[in-house]
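# Kindly return the folded structure for what I paste below:
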Amino acid sequence: MMLGQGRAAAISNDDMAALARELGCHPATLEAIAEVESNGFGWFDDGRIKILPEPHKFDDYLPANRRAEALRLGLATRSFEATKASGHYKRMTNGPGPRYAFLARLIAFDENAAFNAISIGRFQIMGFNHDVCGYRTAKAMFDAFVDSEANQLRAFGRFLVSKGLKDELAREDFATIETLYNGGGLNGVYAARMRAEAVKLKRGKWAKWPHDWPGKGVTLPPPPMVPPAPAAPVAPVAPSPARDARVKPEHDALPPVPAPPPVAPAAPAPWWSRLWSGFFTAAKGP
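Have a look, this model is predicted:
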């Protein structure tokens with residue numbers, strides 16, 4: 001089986017509707033993103049998943065001591081502008097051949113950097129976003145995407161949440177979506193295309209939303225937990241010269257302070273004592 005081929009299980013419209021309900025937006029908005037990113041379909045005609053290698057991202061994920069060699073071999077560039085100027089995107093036609101041939105060269109040079117440097121599938125999520133999408137490595141995310149569009153849809157939802165785009169999706173703020181989803185640099189071109197696609201989808205396929213769409217389908221798991229920020233380091237206590245002189249450093253620890261014994265609850269006063277106490281309190285008055 002060729003690289004990029006797999007089970008390729010498709011999602012349903014109900015899956016897309018379910019994600020839209022969970023994110024609180026219109027499904028046409030979500031599908032408009034996919035239409036612009038991949039023409040609404042995540043696979044090439046030969047069954048391989050759609051990818052686009054990005055040489056400047058390959059450079060980002062290479063070890064520093066290998067970047068000059070990758071640049072010399074034409075595998076990496078130092079910026080998005082340099083990638084465009086090199087003619088890379090003109091060479092990467094809409095067919096799989098040039099893209100997978102270039103990916104194979106990247107993998108041969110450095111597999112980890114290669115899978116981090118490609119956009120993948122129906123939603124063209126970059127490999128370096130694997131952590132927020134719920135995958136330990138970019139290669140693991142690639143393999144999951146090849147297996148199923150449901151995996152792509154879950155990752156898409158997680159990615160949108162991680163970028164803080166729920167409100168923008170609800171408002172159909174495609175300018176912000178372009179900036180945060182695509183990383184900027186497109187000068188509103190994608191935003192205009194997404195907006196036009198959303199209008200078309202609302203008039204056509206999703207015209208009867210939400211009444212005819214029960215939203216049954218894939219359930220979006222919560223985004224991966226963000227690890228808490230490390231606590232500020234506590235300043236070390238200056239060692240005691242007296243203790244250091246008599247205790248070896250490896251055993252230089254004070255014994256634990258024993259917990260105090262539990263205090264038994266006091267026994268209630270006898271009835272006659274409480275009676276006299278009440279009498280004297282009443283006699284004193286307020």
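# Chain neighbours aside, what residue packs nearest to the most centrally placed residue in the chain?
The chain has V132 as the residue nearest its centroid, 1.7 Å off, counting by Cα atoms, centre = their mean. Nearest non-adjacent residue to V132, counting by Cβ to Cβ, 6 or more residues apart in numbering: S162, 3.9 Å away. In short, each C-beta sits where N, CA and C put it, glycine included.
# do the same with M126
Nearest one to M126, counting by Cβ to Cβ, 6+ apart, is S119 at 5.1 Å.
# ok, and what's touching the host helix or strand of the one you found?
Element membership of S119, judged by DSSP states H and E, is strand 118-120. If you take Cβ atoms under 8 Å, 6 or more residues apart in numbering as the criterion, strand 118-120 is touched by 37, 49-54, 103, 125-127, 138, 141-142, 145, 152.
# same check, this time on stretch 85-102
Outside stretch 85-102, the residues touching it (Cβ under 8 Å, 6+ apart) are 2-4, 44-46, 48, 50-53, 55, 74, 77, 83.
# Could you look up the next helix or strand downstream of whichever helix or strand E81 is part of?
Assigned by DSSP H and E, E81 belongs to helix 80-85. Following helix 80-85 in sequence order, the next helix or strand is helix 88-91 (DSSP H and E).
# May I have the strands that pair with the strand holding S119, each with its orientation?
Strands that pair with strand 118-120, judged by DSSP bridges, come out as strand 51-53 (antiparallel), strand 125-126 (antiparallel).
# Make a markdown table out of the ones you listed and add mean pLDDT, distance to N94 and mean neighbour count.
A markdown table is the format used below for these (pLDDT from 0 to 100; distance: least, Cβ to Cβ, whole Å; neighbours: other Cβ atoms under 10 Å):
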| stretch | mean pLDDT | distance to N94 | mean neighbour count |
| --- | --- | --- | --- |
| strand 51-53 | 97 | 10 | 23 |
| strand 125-126 | 95 | 19 | 22 |
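# Tell me which of these approaches A113 most closely.
strand 51-53 (10.6 Å; Cβ to Cβ).
# thought the residue nearest to V132 was touching G134?
No: the pair S162 and G134 fails to qualify as a contact (Cβ atoms under 8 Å) at a distance of 10.0 Å.
# on that earlier part again, could you measure from the residue nearest to the centre of the chain over to G157?
To G157, V132 is 11 Å away according to Cβ to Cβ, to the nearest Å.
# Sounds good, over and out.
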